[in-house]
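Asks: Sequence and computational prediction follow.
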Amino acid sequence: MMRNIDVNEAIDNTPFGPFQWTVVALCGLLLVVDGYDVFVAGTVLPTLIAEWGLSKPQAGALQAWALFGMMFGALIFGPLADKIGRKKGIAISFMLFTLSTLLTGFANSPEQFKIFRFFAGLGCGGLMPNAVALMNEYAPKRLRGTMVALMFSGYSVGGMVAAGLGIGMIPQYGWKPMFFIAAVPLLILPVILWKLPESLGFLIRQGKQEQAKRIYGKINPSAPLGHDDKLVFSETKGASASIAELFRHQRTLRTLMLWVAFFCCLLLVYLLSSWLPKVLQEAGYAEKASLLSLFSLNFGGMVGAIAGGRLGDRFGLPKVVVGFFIAAALSIALIGFNLPAGLLFLMVFVAGATTIGTQILLYASVAQLYNLSVRSTGLGWASGVGRIGAIVGPTLGGVLLAQDLPLQHNFLIFAIPAAVSALAMLVFAVSNARRASDVQLVPA
């Protein structure tokens with residue numbers, strides 16, 4: 001007798017096993033490399049300013065090229081992966097940003113630096129939404145926020161690696177070896193291609209039942225499939241992978257509010273990661289201490305992501321995200337108040353937890369809002385809109401810092417996007433709760 005087995009429902013009702021932990025580990029490893037690529041630019045910025053004689057607005061624009069590439073990468077590779085498969089999308093993105101980062105180390109002028117960073121950004125922007133979508137699919141609903149956040153904490157680990165290596169290498173060897181190190185992760189690409197599974201939903205939509213069954217057997221080995229059994233994915237029918245689909249089913253307000261939050265959050269992440277070391281150096285901190293602030297920022301991001309994912313699974317992601325953004329606004333504002341060193345690094349830690357960490361929770365929020373067939377598209381567009389904020393962040397920082405405003409005024413201005421994000425996510429949370437209430441009131 002033939003059975004139709006709903007994979008989405010089966011994953012929700014199956015214990016989280018070794019196969020799914022492998023997906024977490026591999027996607028987390030990919031994001032370590034991705035995070036290193038993103039945050040290495042902030043570690044070398046003070047050196048580039050000195051070596052190439054850049055003004056602060058020019059330095060901000062230099063940082064923006066990679067982020068400009070990320071915007072296009074998110075918009076291109078998100079929808080593309082819905083058509084060619086997430087595994088291929090991830091592999092192409094990984095190759096692109098790793099090779100481009102390596103080539104950045106050979107740049108001898110700002111113009112060459114910009115070109116290589118743009119192509120690196122294309123790959124970074126494509127990897128994030130696809131890794132999140134893949135992890136979201138293989139995690140049961142009860143653990144989805146935690147697992148996506150745990151995987152995405154690799155991004156912060158990459159930032160900590162960049163800051164740690166920068167402390168040891170830049171004073172002695174200069175900035176170029178920081179980019180040459182990007183060649184090392186190419187060694188893990190064969191392992192990723194071998195072990196990382198394709199999206200089950202994609203395989204089912206493509207009619208590749210045998211491949212899907214082999215993967216399903218690894219997720220749930222205690223429930224073998226019969227020859228005539230057919231795997232189905234409850235979310236695969238009806239919707240097309242188009243931007244218009246993101247605004248259907250009463251999702252317009254929630255989609256727009258998520259985009260506002262993404263824009264402001266990524267503005268903050270890249271503003272702080274690009275300029276914090278330089279600002280602290282100008283405030284009188286030594287080079288190693290200023291780079292240590294970047295380590296503290298990313299360590300906070302890792303802790304914030306994991307703690308936020310746990311809290312989100314328990315209390316609901318929207319509530320947690322609102323609380324995190326409020327904490328971000330307060331901690332960023334306080335950084336500019338000439339705090340003692342210990343308290344300063346604590347505020348930087350909280351700012352990292354509630355900006356970098358919250359960025360990860362926003363990805364999880366998007367993944368939960370959209371169904372499978374448009375999930376990569378939804379993640380890609382939210383990330384792409386957010387990348388506009390990422391471009392604005394370093395550029396705005398350069399322009400503001402060139403005005404020589406008091407440190408306190410700068411950080412009060414930097415806190416404004418966090419307050420706007422808190423308001424946007426409050427609207428999202430209310431709309432989400434109202435939608436859920438309406439669904440429950442519809443008679444069966």
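Replies: Cool, got the structure. Numbering: from 1, shown residues only.

Asks: Figure out the helix or strand that I5 lives in.
Replies: In this structure, I5 sits in strand 4-6 according to DSSP states H and E.

Asks: and that strand, which strands flank it?
Replies: strand 230-232 (parallel) (DSSP bridges).

Asks: Show me which positions of the strand it pairs with end up buried.
Replies: Within strand 230-232, the residues that count as buried by 16 or more other C-beta atoms under 10 Å are 231-232. Heads up, the C-betas are built off the backbone N, CA and C, glycines and all.

Asks: What are the contacting residues of that strand?
Replies: Applying C-beta atoms under 8 Å, 6 or more residues apart in numbering, the external contacts of strand 230-232 come out as 2-7, 200, 204, 209, 212-213, 216, 225.

Asks: repeat that for 7 Å
Replies: 2, 4-7, 204, 209, 212-213, 216 (C-beta atoms under 7 Å, 6 or more residues apart in numbering).

Asks: Then stretch 179-188?
Replies: By C-beta under 7 Å, 6+ apart, stretch 179-188 touches 29, 33, 37, 40, 98, 101-102, 104-105, 165.

Asks: Which positions within that stretch qualify as buried?
Replies: 179, 181-182, 185, 188.

Asks: how far away is L268 from G168?
Replies: 28 Å (C-beta to C-beta, to the nearest Å).

Asks: Please disregard the earlier target; I meant V132.
Replies: Counting by C-beta to C-beta, the separation of V132 from G168 is 32 Å.

Asks: And for G105?
Replies: Distance of G105 to G168, given as C-beta to C-beta: 17 Å.

Asks: quick one: which of those two has more around it?
Replies: Between G105 and G168, G105 has the larger neighbour count (other C-beta atoms under 10 Å), namely 17 against 11.

Asks: so that one makes contact with K176?
Replies: Yes - proximity of G105 to K176 meets the contact threshold set by C-beta atoms under 7 Å, at 4.5 Å.

Asks: L143 versus the closest residue in space to M128 that isn't next to it in sequence, what's the distance?
Replies: Nearest non-adjacent residue to M128, counting by C-beta to C-beta, 6 or more residues apart in numbering: S383, 6.0 Å away. Per C-beta to C-beta, S383 is found 23 Å from L143.

Asks: can you pull out the helices in the stretch 51-200 of the chain?
Replies: Taking DSSP state H, counting those that start in this stretch, the helices of the stretch 51-200 of the chain run over residues 56-84, 86-104, 110-138, 144-173, 177-180, 189-195, 200-205.

Asks: What of the stretch 301-444 of the chain?
Replies: Under DSSP H, counting those that start in this stretch, the stretch 301-444 of the chain gives helices at 317-335, 341-369, 372-402, 407-414, 416-441.
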